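Undergrad: The following block contains a protein sequence and its predicted model.
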Amino acid sequence: MTILSTIITRHYTAHASDSFITVHRPDGERDVVEAKKSKLVPVRAWRGIVGYWGLAQHGNDWKTVDWLRARADRANEYDSAEAFADSLAAALTTGLAGRTFARPLDVGLGMHFTAYEYIDDRWVPELFVINNWTDTSYTAVRPEGFRVTRETYAILKNLPERSADHGRPAYRLEVHAAPHNAPLLFHFNNGDPALFNPVAASILDSVVELSRRGHLKDPSSAETHLAIARSPVDIVSKLLKELAVSGTKLVGGKPHDLAVSPGGVYKSRTGDC
């Protein structure tokens, strides 16, 4: 499993993740087989970034990050960011259906794909979640495969359901207006919600309070966005390194971060551009 942190403001979208890839041992514990490589991929055709959690590799011919890089290189073949997201879901459903996994949950895989959509002369950020999990307990996968949901409008309005209608211009323009009218920060995290969300939420609360006081350092800079996205990843990784029993750590290694502005300028403190 991975922890994947994503934030969206008026200035940037920013992603951060750990780098652990683990495999099951016969005794049920896990060995770390990768602790340095990135799980974040720029999707330049759509001023986007995609990161994943869950299935990282299978056999000798499947690595999720390599698959994503190959797809990102062809993202300009699609006429919208949404069409590209839909293509990822369809290709994953087909490509993984023909593989045999030792445990039913081993096929579980999720992705955050942020992109900017050009609507009424505005670049509007969106987060597409692409996954085959039934819910955020990560205890079951959907037999029908992968689906795509839009997240920003539902988060903005605190709605329990995600609707395809949220891609309509009126809804998208509300998302665009919200962070321009207040210091709004969209924040999404996936991977291990019970362990990760309390840390991420507390950091976000502190950032919001710093902003309210006018004490937030360089609030429009890429470096600040990268720091906000990466802080919970760093803290959880350090916590597990110091406190978790050997063979149970699913998060850690080199952290990675990547941000992109509405103008399509990418920044990273970890060489992920």
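TA: Now that the structure is in, tell me what you want to look at. Values in this document were obtained by computation on a predicted structure and should not be read as measured data.

Undergrad: The chain: helices as residue ranges?
TA: When assigned using DSSP state H, the helices of the chain occupy the ranges 64-72, 81-97, 152-157, 169-181, 193-213, 222-243.

Undergrad: lowest-confidence stretch among these?
TA: Note on the helices of the chain: helix 193-213 shows the lowest mean pLDDT, a mean of 88.

Undergrad: Check what contacts it and list those residues.
TA: 3, 5, 136, 183, 185, 187, 189, 216, 219, 228, 231-232, 235-236, 239, 251 (Cβ atoms under 8 Å, 6 or more residues apart in numbering). In this view, the C-beta of every residue, glycine as well, is placed from N, C-alpha and C.

Undergrad: and the angle from it to helix 222-243?
TA: In terms of direction (axes from the mean of the first three to the mean of the last three Cα atoms, to 10 degrees), helix 193-213 departs from helix 222-243 by 140 degrees.

Undergrad: Just the buried residues of helix 193-213, please?
TA: Leu195, Phe196, Asn197, Val199, Ala200, Ile203, Leu204, Val207, Ser211 (16 or more other Cβ atoms under 10 Å).

Undergrad: quick check, nearest of the contacts of helix 193-213 to Leu127?
TA: Comparing the contacts of helix 193-213 against Leu127 with Cβ to Cβ places His187 closest, at 10.2 Å.

Undergrad: since we're on the closest one, how many residues are nearby?
TA: For His187, the neighbour count with other Cβ atoms under 10 Å is 20.

Undergrad: What does the pLDDT read for it?
TA: The per-residue pLDDT reported for His187 equals 89.

Undergrad: Double-check it against Thr6; I have them as touching.
TA: Yes. The criterion here is Cβ atoms under 8 Å, and His187 meets it with Thr6 at 7.3 Å.

Undergrad: on that earlier part again, now which of the contacts of helix 193-213 would you call buried?
TA: Ile3, Ser5, Leu185, His187, Asn189, Leu216, Pro219, Ile228, Ser231, Pro232, Val236, Val251.

Undergrad: Rebuild the residues you listed as TSV, extending it with distance to Ser163.
TA: Shown next, in TSV, are the buried ones among the contacts of helix 193-213 (distance: Cβ to Cβ, whole Å):
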residue	distance to Ser163
Ile3	28
Ser5	25
Leu185	23
His187	21
Asn189	22
Leu216	33
Pro219	32
Ile228	28
Ser231	32
Pro232	29
Val236	32
Val251	32
